[in-house]
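Chemist: kindly return the folded structure for what I paste below:
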Amino acid sequence: MVIYLSVKEKRLPPSLRLFLLKSHRPSVLECSDEFSAKFDNIETKLDKPPLIFATTAIIYPNFGQGGGLKRMTKTIFHLSYDHIISVENLLGAWREFVRGKRHKPDVQAFAFRLMDNILALHRDLQAKTYRHGPYQHFRIHDPKSRDIHKATVRDRLVHHAIHRVLYWFYHQMFIADSFSCRLGKGTHKAINRFRAFAYHASQNHTKTLWVLKCDILKFFASIDHEILLTILRKRIPDEKIIWLLTEIVSSFYSTRPGVGLPLGNLTSQLLVNLYLNEFDQFVKHRLKVKHYLRYADDFVLLSPDRGQLIESLSYMGVFLHEQLRLVLHPDKVSLKTLASGVDYLGWVHFPDHRVLRTATRWRMLKNIKQQEGRERERSVASYLGLIGHGNTYKLRSLIQ
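Modeler: Here you go, the predicted model:
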């Protein structure tokens, strides 16, 4: 049984305004004419793809006190495959994709016959004859070596069309302390949250605080396609959408077929967050860890109880291996006090301050020294903005 969410104007929180679409299903929304006018204005200003989601009622036996039946609801994605592949959504995806890329030769070639290419893509998606193309491989050093796989413009347009719809649906389900590849998050928010956790967990630094820092070994290259698609099916009942997601996920593998996601895909950013959301929910709701935050595959737990962190580490390792087929990096698991300095997200954190990582500082000074003129001025301005988030008075005086 599917129960559509009804909307009352006085009870509508601002965060849900993005997820409503009166024009597509006016019968399932109970809202006043006054609210309809307000919503039209909101939709125009935000220019975000609206979503409708529904709750599925699940009834199961209650074996606890009193017996009887229990009722549990589950949020499911309720937009159709036709909405994702519509020409309107593809054009919206193109506007987002082309920003900052108009000078690229492959983008210019696609844009030369834009409507013909988009209509042809729409027909292939509609007939389910679309096949994901090959990837172009290159390597970057930032500072460590990373393998990037770049899809064709046609395929990247499909990635954007999917991402701009699915992102807003899954974004609401992620924990608040997941900071990678999410709007309104990022590294600066993550390190500020780390500082807030440190104050709270140590009771304003009146207790010794232990920090468990972990990293997943070859994270992107270890994503299991079968597990990922199973997670997607939990919330997406439309088999056509699952078919399209399967086509994209299975278009790449790293060490063996069925394993790995490419670093260059926009959809990979959402899918890895969705993959590790299973782990986030386990840590927060099963292990009951209060001070936990994650950025991509780097996560930390803070507690004054060292034994509790060691116990949590064993449970987390088992869950990652058995449920997600992931392994903790043996060389990047550390347990130390905050007073001794914790290196996390490019900064070394202490109870009352944080300083830039030594390797980052020397690399920054080297880059500035090699540049001249306006390029140097731009780099200095950028670095000053970066180091302004920590205690870097001496470093600022060196580069200014």
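Chemist: now the helices for the chain?
Modeler: Assigned by DSSP state H, the helices in the chain fall at 33-46, 81-84, 87-97, 105-112, 114-127, 153-171, 187-201, 225-235, 239-249, 266-281, 306-323, 358-370, 373-387, 393-399.
Chemist: make JSON lines out of those and add mean pLDDT and distance to Asp343.
Modeler: Using the backbone N, CA and C atoms, a C-beta is placed for each residue, glycine as well. As requested, those are exported to JSON lines (pLDDT from 0 to 100; distance: least, Cβ to Cβ, whole Å):
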{"stretch": "helix 33-46", "mean pLDDT": "39", "distance to Asp343": "38"}
{"stretch": "helix 81-84", "mean pLDDT": "95", "distance to Asp343": "41"}
{"stretch": "helix 87-97", "mean pLDDT": "96", "distance to Asp343": "35"}
{"stretch": "helix 105-112", "mean pLDDT": "95", "distance to Asp343": "39"}
{"stretch": "helix 114-127", "mean pLDDT": "96", "distance to Asp343": "45"}
{"stretch": "helix 153-171", "mean pLDDT": "96", "distance to Asp343": "29"}
{"stretch": "helix 187-201", "mean pLDDT": "95", "distance to Asp343": "11"}
{"stretch": "helix 225-235", "mean pLDDT": "96", "distance to Asp343": "30"}
{"stretch": "helix 239-249", "mean pLDDT": "97", "distance to Asp343": "33"}
{"stretch": "helix 266-281", "mean pLDDT": "96", "distance to Asp343": "21"}
{"stretch": "helix 306-323", "mean pLDDT": "96", "distance to Asp343": "17"}
{"stretch": "helix 358-370", "mean pLDDT": "84", "distance to Asp343": "9"}
{"stretch": "helix 373-387", "mean pLDDT": "85", "distance to Asp343": "16"}
{"stretch": "helix 393-399", "mean pLDDT": "81", "distance to Asp343": "17"}
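Chemist: so which of those helices gets nearest Ser178?
Modeler: When those are ranked by distance to Ser178, counting by Cβ to Cβ, first place goes to helix 266-281 at 5.9 Å.
Chemist: who are the packing partners of the closest one?
Modeler: Helices and strands touching helix 266-281, by 3 or more Cβ pairs under 8 Å, 6 or more residues apart in numbering; DSSP states H and E, are helix 153-171, helix 225-235, strand 292-295, helix 306-323.
Chemist: let's see it at 6 Å
Modeler: helix 153-171 (3 or more Cβ pairs under 6 Å, 6 or more residues apart in numbering; DSSP states H and E).
Chemist: circling back to that earlier point, with mean neighbour count as new columns, can the helices of the chain be given to me in TSV?
Modeler: What follows is the helices of the chain, written out as TSV (neighbours: other Cβ atoms under 10 Å):
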stretch	mean neighbour count
helix 33-46	13
helix 81-84	18
helix 87-97	17
helix 105-112	14
helix 114-127	14
helix 153-171	21
helix 187-201	17
helix 225-235	15
helix 239-249	17
helix 266-281	20
helix 306-323	14
helix 358-370	13
helix 373-387	13
helix 393-399	12
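Chemist: between those, which gets nearest to Val342?
Modeler: Judged by Cβ to Cβ, the one of these that comes nearest to Val342 is helix 187-201, at 8.3 Å.
Chemist: so which elements touch the closest one?
Modeler: Taking 3+ Cβ pairs under 6 Å, 6+ apart as contact, there are no helices or strands that helix 187-201 lies on.
Chemist: go again using 7 Å as the cut-off
Modeler: Under the contact criterion of 3 or more Cβ pairs under 7 Å, 6 or more residues apart in numbering; DSSP states H and E, helix 187-201 touches strand 292-295, strand 298-303.
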